[in-house]
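Q: structure for the following, please:
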Amino acid sequence: MPVLLKEKKISRYLFYTICLFILYVLSSRFIAYITHLETISHQNIIFFVFSFFIDYVLSFIYGFIRYRIKNKDVVLGAKESELKLLKSQVNPHFLFNTLNTLYSTALEENAPKTAESTAKLASLIRYMQEDINKDFIPLENEIKYLENYISIQKLRCFIEPDIETKFSHIENHKLSPGLLIPFVENAFKYGIDPSKKSKLSVSIICEKNTISFECINTYDENYKTYYKEQGFGIGIKNAKQRLELVYPKKHTIDIKKENNIFSVKINLNITNK
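A: The predicted structure follows:
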């Protein structure tokens with residue numbers, strides 16, 4: 001049952017259920033035959049059907065609970081692995097303090113752009129240290145992270161890209177942290193050519209119970225990047241998995257790649273989030 005329902009093979013599940021019922025009835029008739037019960041009363045038939053129904057419901061409940069427990073164990077195992085990975089990485093607190101020192105040094109040397117960029121990078125480190133481990137954070141925090149990330153990425157571009165951002169009615173909304181950044185990262189890694197004029201549009205429009213995210217960027221098929229060569233295009237795949245875990249059946253995602261335009265559109269139902 002768990003395997004068939006998980007894979008949405010409902011017709012096969014119903015077919016097996018009917019076969020099981022027929023087998024149950026035939027078994028009952030066989031028992032009646034070997035016990036020399038020549039006729040089966042209507043009461044016996046009702047009893048057989050009712051007992052099958054009870055067994056069926058109980059087995060369904062057992063299978064469903066077992067599937068949920070097993071699925072929860074998988075999620076907890078993934079969380080534990082993620083925690084071990086984080087512990088093995090450089091302490092973000094150390095990086096944050098180092099960036100603060102570099103920020104002060106840049107101000108002393110009269111390098112305002114370097115100081116500003118360092119401050120924004122320090123803000124990203126603080127975000128990774130504090131917000132990323134929470135279940136949900138204010139949408140304003142996520143947008144601030146996006147803005148700082150875009151500002152830092154612009155520094156690597158010899159020709160500054162045309163970037164348009166639009167954020168509307170974002171107050172009093174919450175979001176799972178780091179959910180949208182992979183799509184903006186993808187735009188810079190694979191779409192924005194630092195040596196050519198490129199375009200990027202990022203928008204987040206909120207209504208009472210929905211968050212609509214859109215990221216559109218130009219790309220050049222002939223543009224070869226280190227990330228493409230190394231095959232690091234797993235960010236979007238991971239983001240899709242997170243959407244399934246955090247917003248099951250409460251999201252839609254539409255990804256298109258045509259006419260040198262790559263677009264991602266996500267709608268989230270944030271009821272009770």
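
Q: who's in contact with stretch 155-175?
A: Outside of stretch 155-175, the residues that reach it under the criterion C-beta atoms under 8 Å, 6 or more residues apart in numbering are 117, 136-140, 142-143, 146-147, 150, 154, 192, 194-207, 211, 268, 270, 273. The way it works is simple: take the backbone N, C-alpha and C, and place the C-beta from them, glycine included.

Q: hey, where'd the strands end up in the stretch 101-250 of the chain?
A: 137-138, 162-168, 174-175, 199-206, 210-218 (DSSP state E, counting those that start in this stretch).

Q: how far does the third one sit from the chain's center?
A: Okay, so that is strand 174-175. Shown here is strand 174-175, whose average C-alpha point lies 13 Å from the average C-alpha point of the whole chain (C-alpha atoms, centre = their mean, to the nearest Å).

Q: partners of that strand, with directions?
A: Strand partners for strand 174-175, identified by DSSP bridges, are recorded as strand 137-138 (antiparallel).

Q: and the average pLDDT for stretch 212-223 is what?
A: Mean pLDDT, computed over stretch 212-223, is 86.

Q: just the buried members of the contacts of stretch 155-175?
A: With neighbours counted using 16 or more other C-beta atoms under 10 Å, the contacts of stretch 155-175 contain these buried positions: 117, 136-139, 142-143, 146, 150, 154, 192, 194, 198-202, 204, 206, 211, 268, 270, 273.

Q: and K72, what's its pLDDT?
A: At K72, pLDDT is 65.

Q: er, F64 actually
A: With respect to pLDDT, F64 has a value of 73.

Q: give me phi/psi at it?
A: Listed backbone geometry of F64 is phi -60, psi -50, with angles given as degrees, to the nearest 10.

Q: that one: neighbour count?
A: Per other C-beta atoms under 10 Å, the neighbour tally for F64 reads 13.

Q: relative to L58, how far out is it?
A: Relative to L58, F64 is positioned 11 Å away (C-beta to C-beta, to the nearest Å).

Q: for G178, same thing?
A: 42 Å.

Q: the more surrounded of those two?
A: G178 (16 against 10).

Q: what's near enough to touch that one?
A: By C-beta under 8 Å, 6+ apart, G178 lies in contact with I132, E142, Y145.

Q: quick one: which of those residues is nearest to K113?
A: Here the nearest of the contacts of G178 to K113, counting by C-beta to C-beta, is Y145; it sits at 20.4 Å.

Q: looking at the closest one now. What's its pLDDT?
A: Confidence score, pLDDT, at Y145: 86.

Q: how about the nearest residue to it, chain neighbours excluded?
A: Leaving out its chain neighbours, the residue that sits closest to Y145 by C-beta to C-beta, 6 or more residues apart in numbering is Y127, at 4.9 Å.

Q: so how far is T114 from the most centrally placed residue in the chain?
A: The centre of the chain sits closest to R242, judged by C-alpha atoms, centre = their mean, with a distance of 1.8 Å. Separation of R242 from T114 (C-beta to C-beta) stands at 34 Å.

Q: same question, E147
A: Taken as C-beta to C-beta, the spacing of E147 relative to T114 amounts to 19 Å.

Q: burial of the residue nearest to Y145, as a residue count?
A: The number of residues near Y127, taken as other C-beta under 10 Å, comes to 21.

Q: hmm, it is touching N141, no?
A: Yes: with contact taken as C-beta atoms under 8 Å, Y127 and N141 are classed as touching, separated by 7.2 Å.

Q: name the residues contacting each of the two.
A: By C-beta under 8 Å, 6+ apart, Y127 and N141 have these common neighbours: P177.

Q: OK, contacts around the closest residue to the residue nearest to the centre of the chain other than its chain neighbours?
A: The shortest distance from R242 to any residue other than its chain neighbours is 6.1 Å, reached at L179 (C-beta to C-beta, 6+ apart). For L179, the set of contacting residues under the criterion of C-beta under 8 Å, 6+ apart consists of E142, A239, R242, L243, V246.
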